[in-house]
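Visitor: A predicted structure for the sequence below; I have some questions about it.
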Amino acid sequence: MSARAQEARAQGARLYDAVVIGAGLNGLTAAAVLARAGRSVIVLERRPVVGGLAAGEEFHPGYQSVGLLHDTTGLLPEVVERLDLTRHGLRRAERPPSVFAASRADGGLLLHHDPDEAADELNRSCARDIEPYARFRAFVGRIKPIARRLFTDLPPDWLGKGLAALPALLSGGFALRRLGRIDMMELLRLGPMSVADGLDEQFENPLLKSALALPALLGCFAGPFSPGTNAALFRYELLAGGAVAGGGSSIVDALVGAARAAGVEIQTARTVTGMMVGADGVTGVVCDDGEPVHGKFVLSSCDPKITFSLLGAHPVSSVVVQGIRAYRMRGLTAKVNLALSKPLRFRCRPDLEVEFARTGQALPEMERAFDAAKYGRFSDTPVLDVHVPSVANSELAPVGHAVVSILVHGVPYDLAEGWSDARREALGNVVVSTLSSYAVDLDASIVAREVLTPLDIEERYAVTGGHVYHGEHALDQLLVRPARSCARYLTPIDGLYLCGSGSHPGGGITCAPGFIAANTIAKNRRRW
Amino acid sequence: MAKTYDAVIVGGGHNGLVCAAYLAKAGRNVLVLERRHVLGGAAVTEELYPGFKFSVCSYVVSLFRPHIIRELGLAEHGMELIPLECSFLPLPDGDSLCRWADHHETRREIARFSKKDAETYPEFGLAMTKMAYFVKTLIDSPAPDPTSLHPKQLAKLLRLGRRFKNLGPDLMHMHMQLLTMSALDFLDLWFESGVLKAPMSVSGIIGTFLGVRSPGTAYVLLHHYMGEIDGAFRSWGFSKGGTGRISEAIASAARSFGAEIRTETPVDRILVENAGASGVVLPNGDEIRARTVISAVDPHRTFLKMVGQEHLEPVFAAQIKRYKMRGSSAKVNLAVDRLPQFRCRTNGTAHLRGDIAIAPSIDYLERAYDEAKYGDFSSRPYMNVVIPSLVDPSVAPPGKHIVSCFVQYAPYDIKEGAAYWPQRREALGDAVVDTLAEYCPGLKESILFRQVLTPWDLEQEFGLTEGNIFHGELSLEQLLFQRPVAGWARYKTPIRNLWMCASGTHPGGGIMGAPGELAAKTMLESSAI
C-alpha cells in the first residue's frame, strides 16, 4: 500500500483511484472509461447540473436550451461504442445534417452532406459547384480512415527526447503516403491555407463557401482570410458524423447513465478550490466545503489555465508556467438563446423548416465580422451559427413555439470598453437584428432571449477567456496542445492529468480528449 | 546555320545571372536574354533623375548567399555591401525607438518602453539565430521531397530529422510555432511593449498579402536573423552603388566565364517541340535554339504565357494557376534636395543610416491591412524607408538625397480592377508622402522628383506577375517541396529540357541568389546540361 493510501486510510477518508474535476462531456467520458476498466472514480462538478457546455437548461419558463455548444456531429463513434451509449439512450442520425446557408436575397442554399443529394440544390444556384463539391467530399472521405487516429490515439511525442516518437511518426508518415502522392501533397498544401483561399479555389457559390467556412472559424481568433483556418475546416469535416437526436444534453444523459452503471460517483455543486500536492505528486483535491477528496490520480477537465491555477502555491517549473501562460484562449464566441412564439422561418425560403442554418452570405462579410474584434469591438453584423433544436424535439418549447440556439462568431472577450449590462443588451440587439435581416417576422415572435457574452460564458462555465473550445484552434495549438510540457494528457506534476478540450485533439462536442486521456491512464499501470 | 546554345536563360534578373554564371563556369555555352535595357530584374540601379541613382525596386540585401560571392568571385567584379547600422522607428508623439547594431545601446533604448523586454531582447535574438542556422541548411540545398521513397531522399529526410532533433525540445517546439503562428502571436510570447512588437512584426508581412495577426507570418521573422554579410550573422546592408551593382557584378562574372548576355531582347515564347523545349522565339519571329531553356521569370509567366497551356497537362496547368502571386506592395522613390528632418530625435543622423519603419502600432498595421483586404491601398500604409545616399554618397549629388519607400499594402487587385492602377498611382504616391510628412515636416517641399511603382507598374515594367516581388507568395503551402507546385519543386519542369531558376522556386524570393545557384548545380549534377 502506498504512503498516500495509508495516509488516506488513517484519516478514515475514502481513497478513489481517480478524482475527475468537472462533469462536462470529457470529464464524464474519462470517468466512465476508467470505471469500466475497474477503477473507482468520483466526478466533482461545480455547477448544480452536469454536462458543462453541453448541459441543457431552462432559460425561460417553458423553454429549454440544448447547451451552449449545439453541434453534435463531431461525437466520436469510438466513445459511443466503448461506453455502450446506445444502450443508455443515445440515438444518432446516419449522416451529418443538412445546413441552410441563409441569404438576404432570394434562394439561400440548403447544403446536404451527400453530394448526390446536394446536386439538386446546387443546380438551382450554381451548377458549376456540383462536381467540385463531390470531389471535396470524396477527398475528405479518402482521408478520413487515415486521419481517424488523430482523434482516437495518443499524439506522438515528437518533441520528446530520443527516438521514442519515431515509430509513431513513421507509421503516421506511411499511412499518409498510402493515400498516394497526389492526395498527400494536396493535404500538406491545403492544411496551412486560409479557409477563404482553400474554398475560393474550389467553389464559386458564396453561400456554399460561407456555410462550409463557419465551423472552421468557431474557436479560432481568426476570420476566413487567416491562414491555418483550413486545417480547422478539415478537422471539422473529418470528425463530422450524424447529429445526435436531442443534442448535447442527450449525450450528457447517456454518458451519465453509462458512468453511473459503471460505478462512477457524481457529485454536483461541489467546487474544487485546490489540489493537494505532496512529495510524490497530487493526492487529491479540496472542495469549497473544506472537504478533501483523495485520489491516486486527479484528472482535470477544466481548461489548462484553471487546472494549473488549482495547484496554488505548489512550485511548477517555469517551462510549464510559461507554456500555459502563452496558451491562447481569447474567446470570440457569444451565445444567444431565443424563445419564439412561432417557428423560425427564413425570408429567402419561407416554406423550409430549418434545423441548422449559418449566416454570413460571403467570405468577405465574414472577414469583416472578425475585423471589429481585432480592435476590441463586436461587429454590427456578426456571423451566426443557428440551430433550432425544437424542430426535432418539440418538448423543448410550448406547442407551436420554438427555441433557437445561436453561436455568435466575432464577439471579443476583451471588449475595449469592457462588458456591462448595456453592452450585453447591445450585443443581443445586434444578433437579433442580424438574424432579422434573414428571418421572417422575428422581432414580433421573440418571447424571451438569453444573451451570454464571452465574459458570461467564462463566469457560468468557468472557462478562461470564455473560450468555448478551451483554447484556440490555431495550427500551433492543435499540433501541441496545450503546451509542450503537457501535450499528452500527463502533466509534469505526478498524478495530475488533463482530460478536457484544452488537450489533444481540441474542443467541440467530441468526447475525444476525455476518451484518449482515460485510455492513456488506464494503460499506465505503474501507479495503480 | 544559327548557333545552338547549351542553355538559353529567359530573364536577366539576379537569379538568371547567377544561374548563367555557374553554368558558364562549368564550361557550358550560355545565353541570357533580358527584356529591359538594364540587367538585374528587380535588382537594378537606374538614374531616374539626373545625378540620382535609384535602387528602383529591391533596396536592401541580407540573404545573399556568401558562398556564391566566393564561388563566383563577385567581390572582384565590384560587389560591395555596407551593413545597415540601425533600425529606427519614429512615433507620432515625438518619441522614437532605435535598435542599433550595438546590443547594449539597443537594450537601453528598449528599456525606455519596457525593462522586461530589454532583458528578453538578446535572449530572443539568440534563440532566433540558433534556429536560423537550422533553416540555413534548408535554403542551401534543393527542397527535400517528403513523398519520395527514393533512398537518397529518405536519407536526406532522416538527416534533416536528426538535425531538427538536435535542436532540442525547446527549439523544436519554437520552430513549429514559427512555422504556424502569426508574427504578432509569436512576439507576444516574448515581449510586452507594442512599440517594440510593431516594428519587429512587420518583417513577417513584407511581400505577403497578410497582416501581422495572420498565422504563418512568424516564419519570416527568422529571415531577419539569417542575413549574413561578410560572415557576420544578422545584418542587412546596402549594395554600394545601388542594388544594381550586385547584378552588374554577377553579369560581369558570368561574362568572364564566357556567358553571352543580351539586353533589350524580349522573349515572346518558349519553343516547345515534341513535349520538349528547344529554344525561344523573339517577338520578330526569330528563333534561338538551345538544348536547354531555363526560365528566370515567374511561374505564371513561364507556363501560362511563354509555354502556353496547350503544352501543359491539365493537372499541372491547374496547379500553376492556383499558385498564388497576389502582389501587395509598392515602391515610392524620392529625390530630395536636403536630408529629411524628422520631428523626433533631431540630433545627428546616425539613426537615419539604417532602415526607418513607419509602423507606430499594431492597430495601425492591422488597419492598413484591413483596407487592403477589401481592395483599397492603405491610406496610412506601413513603410520601410531608407536613405541610401546618407551611407553611400555616390548615389546622389552632394547635399541631396534619395528617399526610398517600400510601401504596404497596395494590393494588385484593387476594387476597380488592376488596370485602373494608373489612375490611382499618384493618389498612392500622395498617401505615402503625406504619411511620411507627418513625421518629417518639410518633406513635401524638398521633393525634386517622385516615382511611384504600383503593383501594376511592377508587372508592366519589371515583368513581375501581379506585382509580386517574390515571384509568388511566401506562404507555408508555397514553400519548400511545394514551390512552385508539388512534384515540380526541384527546378525541373514537366516540359523536357525546360528548367526554372528564379524566386518562384525553392528557397524563394529576396536577393539571395540561391534559386539560381541551386538550379544550376542541380542541372549540372543530374547531367541535364
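Guide: Everything's here; your move. Numbers count the residues shown, from 1 in each chain, chains lettered A, B, ... in the order given.
Visitor: Flag every residue of chain B that's near chain A.
Guide: Contact residues of chain B with respect to chain A, defined by Cβ under 8 Å from any Cβ of the partner chain, are listed as B:146-147, B:149, B:165, B:169-170, B:172-173, B:176-177, B:180-182, B:185, B:188-189, B:210, B:213-216, B:322, B:324, B:363, B:366, B:370, B:373-374, B:475-477, B:482, B:486-487. Backbone N, C-alpha and C define where each C-beta goes, glycine included.
Visitor: Any of the residues you listed buried? List them.
Guide: When those are checked for burial by 16 or more other Cβ atoms under 10 Å in any protein chain shown, the buried set is B:146-147, B:165, B:169, B:172-173, B:176-177, B:180-182, B:185, B:188-189, B:210, B:213-216, B:324, B:366, B:370, B:373, B:475-477, B:482, B:486-487.
Visitor: among those, which are in helices?
Guide: B:165, B:169, B:172-173, B:176-177, B:180, B:185, B:188, B:366, B:370, B:373 (DSSP state H).
Visitor: and the residue of the stretch 1-150 of chain B nearest chain A?
Guide: Using Cβ to the nearest Cβ, the single residue of the stretch 1-150 of chain B nearest to chain A is B:Thr147, 4.7 Å away.
Visitor: doesn't A:Glu186 make contact with that residue?
Guide: No. Counting by Cβ atoms under 8 Å, A:Glu186 is not a contact partner of B:Thr147; they are 10.9 Å apart.
Visitor: Please enumerate the shared neighbours of these two.
Guide: When contacts are counted by Cβ atoms under 8 Å, 6 or more residues apart in numbering or on different chains, B:Thr147 and A:Glu186 are jointly contacted by B:Ala486.
Visitor: Dump stretch B:118-129 to PDB, restricted to CA.
Guide: Once non-C-alpha atoms are left out, stretch B:118-129 reads as follows in PDB (Å, rounded to 0.1, in the frame of the first residue of the first chain):
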ATOM      1  CA  ALA B 118      15.100  44.900 -22.800                       C
ATOM      2  CA  GLU B 119      16.100  41.900 -20.800                       C
ATOM      3  CA  THR B 120      14.400  39.400 -23.200                       C
ATOM      4  CA  TYR B 121      15.600  41.000 -26.400                       C
ATOM      5  CA  PRO B 122      19.100  39.400 -26.500                       C
ATOM      6  CA  GLU B 123      17.600  36.100 -25.400                       C
ATOM      7  CA  PHE B 124      15.200  36.300 -28.300                       C
ATOM      8  CA  GLY B 125      17.900  37.100 -30.700                       C
ATOM      9  CA  LEU B 126      20.000  34.100 -29.600                       C
ATOM     10  CA  ALA B 127      17.100  31.700 -30.000                       C
ATOM     11  CA  MET B 128      16.300  33.000 -33.400                       C
ATOM     12  CA  THR B 129      19.900  32.800 -34.500                       C
END
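Visitor: Contacts made by that stretch with the rest, please.
Guide: Contacts with stretch B:118-129, where a contact means Cβ under 8 Å, 6+ apart, come from B:103, B:106-108, B:110-111, B:171, B:174, B:190-191, B:196, B:221-222, B:224-225, B:233-234.
Visitor: Check which residues of it are buried.
Guide: For stretch B:118-129, the neighbour count (16+ other Cβ under 10 Å) marks B:118, B:120-121, B:124-125, B:127-128 as buried.
Visitor: residues contacting residue 195?
Guide: All of this refers to chain A. Contacts were defined as Cβ under 8 Å, 6+ apart; by that measure A:Val195 touches A:212-213, A:216-217, A:224, A:229-230, A:232-233, A:363.
Visitor: nope, chain B please
Guide: Going by Cβ under 8 Å, 6+ apart, B:Val195 touches B:89, B:91, B:95, B:97, B:113, B:361.
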